[in-house]
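>>> Whatever this is, show me its structure:
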Amino acid sequence: MESIRNKIDFAAIVCVDGANPNGDPLNGNRPRTTIDGKGEMSDVCIKRKIRNRLQDMGQRIFVQSADRADDGMQSLKDRAEPLIKECGKDVNKFISEACAEWFDVRAFGQLFAFKTKGADGVSIGIRGPVSIRPAISVVPVNITSTQITKSVNSETKDKKSSDTMGMKYRVDHGVYVVKGSINPQLASKTGFSDEDAELLKEALRTMFVNDCSSARPDGSMDVVKLIWWKHNCAIGQYSTAKVHDSVHVVAKCDDPSGISDYEITVDELEGLEHQII
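Numbering: from 1, shown residues only. Next up, the predicted model:
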């Protein structure tokens with residue numbers, strides 16, 4: 001398939017109600033926040049959810065979660081090793097085959113740095129055309145801490161074990177904005193096509209389908225709007241910063257508690273059409 005020829009920008013409005021959108025492992029898994037108290041979802045977290053959705057949609061994914069592995073491989077090295085051996089020292093062939101094989105490699109890029117049996121090793125970097133920024137909430141978020149206990153025995157004992165104490169955290173309410181773009185120049189290197197862009201759009205729209213957990217109950221996170229801009233040229237009619245700045249999400253009250261408490265508008269940029277999903 002032919003790679004995309006037109007620059008694409010996108011923005012997704014995400015509503016969070018009673019969930020932990022992205023826990024910080026260095027802070028007891030509390031929801032990530034910026035220095036001014038706004039909620040944050042890392043770009044790595046967002047890409048993980050996109051990968052999971054694409055995998056649900058039948059796409060081949062290189063960076064798979066261990067509990068979602070669908071090819072019997074137990075590590076990235078195991079997944080990459082057959083292709084590394086097949087291509088040998090032909091780096092260009094390896095890049096071409098890897099991009100053709102795995103959607104996330106031709107979308108986000110990948111660093112392959114593995115030693116293989118009977119070979120000197122390989123370290124190949126691939127730059128992907130899809131870039132995504134960390135998502136930041138519109139207003140500072142309120143984080144609720146809940147103490148929990150485990151009051152059952154993990155192992156068979158003559159008497160009940162002492163209760164184990166723990167903590168759970170949730171963002172009571174927040175609206176986050178995910179921003180990203182697709183670069184045609186880099187797409188030409190990985191073969192990222194218009195068909196791939198449509199799959200990415202659907203993955204963004206349904207980002208939280210099949211993503212429920214105790215930290216994110218089903219329905220607690222939702223993409224309420226997806227704005228998609230397709231430029232008429234490879235370099236873009238406007239800079240990505242200007243396109244993203246055309247989206248305005250403003251709280252209509254001091255203490256918003258639902259998506260209805262926000263006003264979402266998109267400025268018209270002359271000659272650049274946008275699609276709201």
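>>> ok, Ser3 touching Gln185?
No. Between Ser3 and Gln185 there is no contact under C-beta atoms under 8 Å: 9.5 Å. For glycine as for every other residue, the C-beta is placed from the backbone atoms N, C-alpha and C.
>>> which helices and strands does the host helix or strand of Arg170 pack with?
Arg170 is part of strand 164-182, with elements assigned from DSSP states H and E. The helices and strands touching strand 164-182, judged by 3 or more C-beta pairs under 8 Å, 6 or more residues apart in numbering; DSSP states H and E, are strand 8-19, strand 30-31, strand 38-41, strand 130-132, strand 135-140, strand 143-150, helix 194-205, strand 247-251.
>>> quick one: strands adjacent to the first one?
Pointing back at strand 8-19 there. The strands that strand 8-19 pairs with in its sheet are strand 164-182 (antiparallel), strand 221-230 (antiparallel) (by DSSP bridges).
>>> Among the ones you listed, show the one with the smallest mean pLDDT.
By mean pLDDT, the lowest-scoring of these turns out to be strand 164-182, with a mean of 93.
>>> mind listing what's buried in that strand?
Buried positions in strand 164-182, judged by neighbour count with 16 or more other C-beta atoms under 10 Å: 169-171, 173-182.
>>> what's the answer for stretch 52-59, then?
If you call a residue buried by 16+ other C-beta under 10 Å, then stretch 52-59 has these buried ones: Asn52, Arg53, Leu54, Gln55, Gln59.
>>> just stretch 254-272 next, same as before
Buried, per 16+ other C-beta under 10 Å, within stretch 254-272: Pro256, Ile259, Asp261, Tyr262, Ile264, Val266, Leu269, Leu272.
>>> Check the spacing between Tyr176 and Trp228 real quick.
18 Å (C-beta to C-beta, to the nearest Å).
>>> Now do stretch 39-53: distance to the chain's middle.
3 Å (C-alpha atoms, centre = their mean, to the nearest Å).
>>> Revised request: answer the last question for stretch 74-89.
25 Å.
>>> and the top helix by length along the chain with strand 221-230, angle?
Longest helix in the chain, counting residues (DSSP state H): helix 43-56. Relative orientation of helix 43-56 with respect to strand 221-230: 90 degrees, computed using axes from the mean of the first three to the mean of the last three C-alpha atoms, to 10 degrees.
>>> in this protein, which ranges drop under the pLDDT threshold?
115-122, 151, 153-154, 157-163 (pLDDT under 70).
>>> Of the strands paired with strand 8-19, which is nearest Ala69?
Closest approach to Ala69 among these is made by strand 221-230 (23.9 Å; C-beta to C-beta).
>>> ok, and what's touching the closest one?
6-17, 19, 21, 175, 201, 204-208, 211, 243, 247, 259, 264, 266, 272-277 (C-beta atoms under 8 Å, 6 or more residues apart in numbering).
>>> same check, this time on stretch 267-277
Here stretch 267-277 makes contact (C-beta under 8 Å, 6+ apart) with 201, 205, 225-232, 237-238, 242-243, 246-248, 266.
>>> Which entries within those residues meet the buried criterion?
201, 225-231, 237-238, 243, 246-247, 266.
>>> quick revisit: now the angle from the strand holding Arg170 to strand 247-251?
Using the same axes, to 10 degrees: strand 164-182 against strand 247-251 is 150 degrees.
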